[in-house]
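>>> just to be clear, the model below is a prediction. Sequence and coordinates:
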Amino acid sequence: MYDLHTHTTFSDGDLIPAELIRRAAVCGYQILAICDHVDWTNIDIIIQSIPKMRSTAKEHGITLLAGVELTHTLPADIGNMAQYAKEQGADIVIVHGETTVEPVLPGTNAAACSCPYVDVLAHPGFITHFDAKSAMHHDIWLELTARGGHNRTNGHVARIAEDTGATLVVNSDSHAPHDLMDGKTRENVVFGSGISHSAAKEILNRDLSKFL
Ligand SMILES: [Zn+2]
Ligand SMILES: [Zn+2]
């Protein structure tokens, strides 16, 4: 199992990376991305710090991806910040998309979906066909999320992805211990989006080799 979207005390999560990694290992994860919220004030410290846990994670049987979540970034700034994150060594860049439960700036999805340095658009809300097509062209993956509130539009995201051919992933957006998903919960989130059985299997077992 993989989870490409989790938070620690480096932003607004409850757990230090060591405990998040340990708990993810107990849940059965093989690939875990820590993608704390960043803006220009903390992006350097996070990109420099999380990789220090790589060998510890390995001891727990987990491949750690040290990433960032660009959060409430000005749309015009998303390209620069995503490129900067990759140049500084981030393994994965996700963008905090236009969830319906936060005042994320309109244009965020569009900026993320056309940026070659972005890997995943998290909780994309009412993403448009146009933006999903753009994501598909740039191999930017759209998230089905387990997180309460953000998950209201999972059904919409699944339908738009099926219409456009965009790639879906399933993530927890964990902030606290109980947010990590077991296998059954991951299945419930994916199947609950209304996606077809074959697409669901593909999402649950997404090939992540491009990050490894
Ligand atoms: Zn958060
Ligand atoms: Zn987010």
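Received, thanks. Ligands and ions are numbered 1, 2, ... in the order given.
>>> the residue of the chain most remote from its centre and Ala18: what is the separation?
Here the chain reaches farthest from its C-alpha mean at Glu59, the gap being 23.5 Å by C-alpha atoms, centre = their mean. According to C-beta to C-beta, to the nearest Å, Glu59 stands 11 Å off from Ala18. Quick note: C-beta positions are derived from backbone N, CA and C, even for glycine.
>>> so what's Leu121 up against?
Ile94, Val95, Gly97, Asn109, Ala112, Cys113, Ile127, Ala135, Ile140, Trp141, Leu142, Glu143 (C-beta atoms under 8 Å, 6 or more residues apart in numbering).
>>> will you turn those residues into JSON lines that also has distance to Ala161, secondary structure and pLDDT?
As requested, the contacts of Leu121 are exported to JSON lines (distance: C-beta to C-beta, whole Å; DSSP: H, G, I helix; E, B strand; the rest coil; pLDDT from 0 to 100):
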{"residue": "Ile94", "distance to Ala161": "16", "secondary structure": "strand", "pLDDT": "98"}
{"residue": "Val95", "distance to Ala161": "16", "secondary structure": "strand", "pLDDT": "99"}
{"residue": "Gly97", "distance to Ala161": "13", "secondary structure": "coil", "pLDDT": "98"}
{"residue": "Asn109", "distance to Ala161": "13", "secondary structure": "helix", "pLDDT": "98"}
{"residue": "Ala112", "distance to Ala161": "15", "secondary structure": "helix", "pLDDT": "98"}
{"residue": "Cys113", "distance to Ala161": "12", "secondary structure": "helix", "pLDDT": "98"}
{"residue": "Ile127", "distance to Ala161": "9", "secondary structure": "coil", "pLDDT": "98"}
{"residue": "Ala135", "distance to Ala161": "9", "secondary structure": "helix", "pLDDT": "98"}
{"residue": "Ile140", "distance to Ala161": "11", "secondary structure": "coil", "pLDDT": "98"}
{"residue": "Trp141", "distance to Ala161": "9", "secondary structure": "strand", "pLDDT": "98"}
{"residue": "Leu142", "distance to Ala161": "6", "secondary structure": "strand", "pLDDT": "99"}
{"residue": "Glu143", "distance to Ala161": "10", "secondary structure": "strand", "pLDDT": "99"}
